[in-house]
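Peer 1: I need the structure of the sequence given here:
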Amino acid sequence: MSVISKGFLDELRSRLRLSDIIGGRIAVTRAGREFKACCPFHGEKTPSFTINDEKEFYHCFGCGAHGDHIGFLMQHDSAPFMEVVETLAAQAGMDVPKPTAQEREKFDRQDQYFKIMDTAAKFFTAQLFEPKNKDVLDYLKGRDLTDETIAAFRLGYAPDDGQAIRKILKSKGYNDHDLVELCLTKRSTRGTEDYGFFRDRVMFPVTDKKGRVIAFGGRVLPDHIRPPQANSSYTPAKYMNSSETPLFHKGRTVYNMSNARQASLNGEKIVVAEGYADVIALAQAGFNGSVAPLGTALTENQIELLWNMIPSREVDEIKEPYLCFDGDNAGQRAAIRAMERILPILRPGVSARFAFMPDGQDPDDLIRGQGVTAMQSVLDKAIPLHDMIWRNLTHGKDFTRPESRAALSHAIESVTLPIADRTIQNAYRQMLKDKFYAHFRGQKSNGYKKRNDSPKVQLIRPSAGNELPARLILGMLIQSPNLFESHEDGLMGFSCANQSLDLLRQHVISILVDKQGITHDELKSALHEEGINGDMIASLQRDMRIHAPYVFQEDAQSAVNEGLQELLRRACGDARRA
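Peer 2: Numbering: from 1, shown residues only. So this is what the prediction gives:
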């Protein structure tokens, strides 16, 4: 068991180039900023094994092998962790810190706990294959589970005898205190002996990222298999999970984490389902990256865990687990809760997709009833996070009235506010505002109705080398807000290369969409309230006095309209040539 601090291991890795460590075992060749080699962990003739010194990891695109300095030597040399650390420390000129007596005691106890949990898992598996429990095994096979799947997930059975698990574990030398601590047994409230926490249930071992058993889930058997209950009014819970233990923290792990992590390294999607049966059905159907939370809604820690399970490969690649929800109202509410958990911790490079099952079906039902292609179709239709936000804001709502449309504009501001990363917050706000503008294109005199047959707005972004047309367009719009009415299509499809100008554009358009008939002074006041610097507006006015003085002349409406039309044409022309 490791007692080495993360800080020591980080320093150790930073002192040694990964390509040197691996190059000492196999032949590597430089390929740009990385190194390539034929993977030592599976037979291949064409190199698919890459080494990235900057990010300190290796990855094989053939077999999915992935890791750092320590992981490579442990796998290649078949060496234990501490031996590898001592070898690398000697190369780096570092002394391996010695654990204190307290640390050693802590980790020895943790080792003992892992042994107890593994023994319990083996006991439950053995019980499943006992002849007297054949009806339980038949029940699992009746759900189309193969022998291979049952073995891969280490499924088992907790017998109805409350003393069975306690007796077998005590016979191995383990004590009652540890069994209660690990939620394998419970204290009796009647002063009698401790008894099994799980009884007469199908057992699902929960493992950590290394595949070690840390907890269990138990599913009640169907009525026709369960023995008659003394209390006929008692209805047991369908699922039971281990309580929090020294090894298990419910909100910090997911079911099938170890297998799904390896599948993700092999390029498969991470798919989040609701329960154990869904995960097993998905995995058996070939969706090996499937996981599930453990009886709770997704937590922030679990979301971070999902992102960490997906390897970083390309700079522009987004880590997006697929979150599956029922198609009914409860599923919609669960999806909204997940969305609300994701937004505060959203950052560049990570997101999520939302997939909705057909009404009344979960992945297990769908796969057994309609096959793998039906499930794949659900995942193919998964929507990205920004579309999920828009769907939540607009689905089933009527926006024919100005008040409801104004409420939507306000909701866009509110829903993006929890995003802590300002870059992501601004990007999401702009994207949702653009959807908003496109949604309400059309005749304002007709109650701002959405024009369903309108083409999707394509924002034209002028080249950064010539900002003048964009500056004049914004200046004219601020000076004469009534221009928006007659030039809406062109202005909706216009954007600015300069970020400051484009932020001003977003604010101006948003205000003009919200407030019909707004005056020049009212628009300036509204911009001031939104934090727009008055100096920027003044600089736009100076540009207009030099390059478009007709804007300030009386009875020049025709010239202003023609000038704005020409500027929009020039700006869009610059953008297309850029």
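Peer 1: so which bits of the longest helix that the chain contains are buried?
Peer 2: Scanning the chain for the helix with the most residues, using DSSP state H, yields helix 101-128. For helix 101-128, the neighbour count (16 or more other CB atoms under 10 Å) marks 113-114, 116-117, 119-121, 123-125, 127-128 as buried. The C-beta positions use only the backbone N, C-alpha and C, and glycine is treated the same way.
Peer 1: show the average pLDDT along that helix.
Peer 2: Helix 101-128 shows a mean pLDDT of 93.
Peer 1: what about the helices in the stretch 151-300 of the chain?
Peer 2: 164-171, 176-181, 257-265, 276-284, 300-309 (DSSP state H, counting those that start in this stretch).
Peer 1: what's the answer for the stretch 351-500 of the chain, then?
Peer 2: In the stretch 351-500 of the chain, the helices defined using DSSP H, counting those that start in this stretch lie at 363-370, 372-380, 385-394, 402-416, 422-439, 468-479, 483-486, 488-492, 499-514.
Peer 1: counting by contacts, list what the first one packs against.
Peer 2: The helices and strands touching helix 363-370, judged by 3 or more CB pairs under 8 Å, 6 or more residues apart in numbering; DSSP states H and E, are helix 276-284, helix 372-380.
Peer 1: got a list of contacts for the last one?
Peer 2: Which is helix 372-380. 269, 271, 282, 285-287, 322, 324, 355-358, 363, 366-367 (CB atoms under 8 Å, 6 or more residues apart in numbering).
Peer 1: could you redo the last one with a cut-off of 6 Å?
Peer 2: 285, 322, 355, 366-367 (CB atoms under 6 Å, 6 or more residues apart in numbering).
Peer 1: which one of those is nearest to residue 491?
Peer 2: Within the set of the contacts of helix 372-380, residue 355 lies nearest residue 491; the separation is 36.6 Å, counting by CB to CB.
Peer 1: show me the beta-bridge partners of that closest one.
Peer 2: Beta-bridge pairing for residue 355 (DSSP bridges): residue 324.
Peer 1: what's the span of stretch 528-538, first residue to last?
Peer 2: One end of stretch 528-538 to the other measures 12 Å (CA to CA, to the nearest Å).
Peer 1: how about that stretch: buried residues?
Peer 2: 532, 536-537.
Peer 1: same check, this time on stretch 182-190
Peer 2: 182-186.
Peer 1: tabulate the residues you listed in CSV, adding columns for pLDDT and distance to residue 261.
Peer 2: Output for the buried residues of stretch 182-190, formatted as CSV (pLDDT from 0 to 100; distance: CB to CB, whole Å):
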residue, pLDDT, distance to residue 261
182, 97, 24
183, 96, 24
184, 97, 26
185, 96, 31
186, 94, 32
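Peer 1: tell me which of the helices of the stretch 151-300 of the chain is the most buried.
Peer 2: Highest mean neighbour count among those (mean count of other CB atoms under 10 Å): helix 276-284, with a mean of 24.
Peer 1: let me see the mean pLDDT of stretch 295-310.
Peer 2: pLDDT averaged over stretch 295-310 gives 90.
Peer 1: work out the gap between it and the centre of the chain.
Peer 2: Between the centre of stretch 295-310 and the centre of its chain there are 7 Å (CA atoms, centre = their mean, to the nearest Å).
Peer 1: okay, that stretch in PDB with CA atoms only?
Peer 2: Once non-C-alpha atoms are left out, stretch 295-310 reads as follows in PDB (Å, rounded to 0.1, in the frame of the first residue of the first chain):
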ATOM      1  CA  GLY A 295     -28.400   5.600  -5.600                       C
ATOM      2  CA  THR A 296     -28.100   9.400  -5.700                       C
ATOM      3  CA  ALA A 297     -28.200  12.100  -8.300                       C
ATOM      4  CA  LEU A 298     -24.900  12.900  -9.900                       C
ATOM      5  CA  THR A 299     -22.700  15.000  -7.600                       C
ATOM      6  CA  GLU A 300     -20.000  17.500  -8.500                       C
ATOM      7  CA  ASN A 301     -17.300  15.100  -7.400                       C
ATOM      8  CA  GLN A 302     -18.800  12.300  -9.700                       C
ATOM      9  CA  ILE A 303     -18.900  14.800 -12.600                       C
ATOM     10  CA  GLU A 304     -15.200  15.600 -12.100                       C
ATOM     11  CA  LEU A 305     -14.500  11.900 -11.900                       C
ATOM     12  CA  LEU A 306     -16.200  11.300 -15.200                       C
ATOM     13  CA  TRP A 307     -14.200  14.000 -16.900                       C
ATOM     14  CA  ASN A 308     -11.000  12.600 -15.400                       C
ATOM     15  CA  MET A 309     -11.800   9.100 -16.700                       C
ATOM     16  CA  ILE A 310     -11.600  10.500 -20.300                       C
END
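Peer 1: what residues does it touch?
Peer 2: 241, 251-252, 254, 261, 264, 270, 293, 319, 321, 337-338, 341-342, 345, 350.
Peer 1: mind doing that once more with 7 Å?
Peer 2: The set of residues external to stretch 295-310 that reach it, using CB atoms under 7 Å, 6 or more residues apart in numbering, is 239, 241, 250-252, 254, 260-261, 264, 270, 272, 293, 319, 321, 334, 337-338, 341-342, 345, 350.
Peer 1: re the thing from before, just the buried residues of stretch 182-190: which are in strands?
Peer 2: 185-186 (DSSP state E).
Peer 1: closest to residue 91 out of the buried residues of stretch 182-190?
Peer 2: For those, the nearest to residue 91 is residue 182 (39.3 Å; CB to CB).
Peer 1: so where's the stretch 301-450 of the chain uncertain?
Peer 2: 313-316, 441-450 (pLDDT under 70).
Peer 1: repeat that with 80
Peer 2: Within the stretch 301-450 of the chain, the segments meeting pLDDT under 80 span 311-317, 360, 400-402, 437-450.
Peer 1: identify the bridge partners of residue 219.
Peer 2: Assessed by DSSP bridges, residue 219 has beta-bridge partners residue 202, residue 239.
Peer 1: could you number the chain from 293 rather than 1 from now on?
Peer 2: Sounds good: first residue 293 from here, last item residue 511.
Peer 1: that one: neighbour count?
Peer 2: 18 (other CB atoms under 10 Å).
Peer 1: need the contact list for it.
Peer 2: Listed by CB under 7 Å, 6+ apart, the contact set of residue 511 reads 493-494, 530-531.
Peer 1: if we can go back for a sec, what is the orientation angle of the helix or strand following the longest helix of the chain with helix 568-576?
Peer 2: For helix 393-420, the following helix or strand on the C-terminal side (DSSP states H and E) is helix 426-434. On the basis of axes from the mean of the first three to the mean of the last three CA atoms, to 10 degrees, helix 426-434 is oriented at 50 degrees to helix 568-576.
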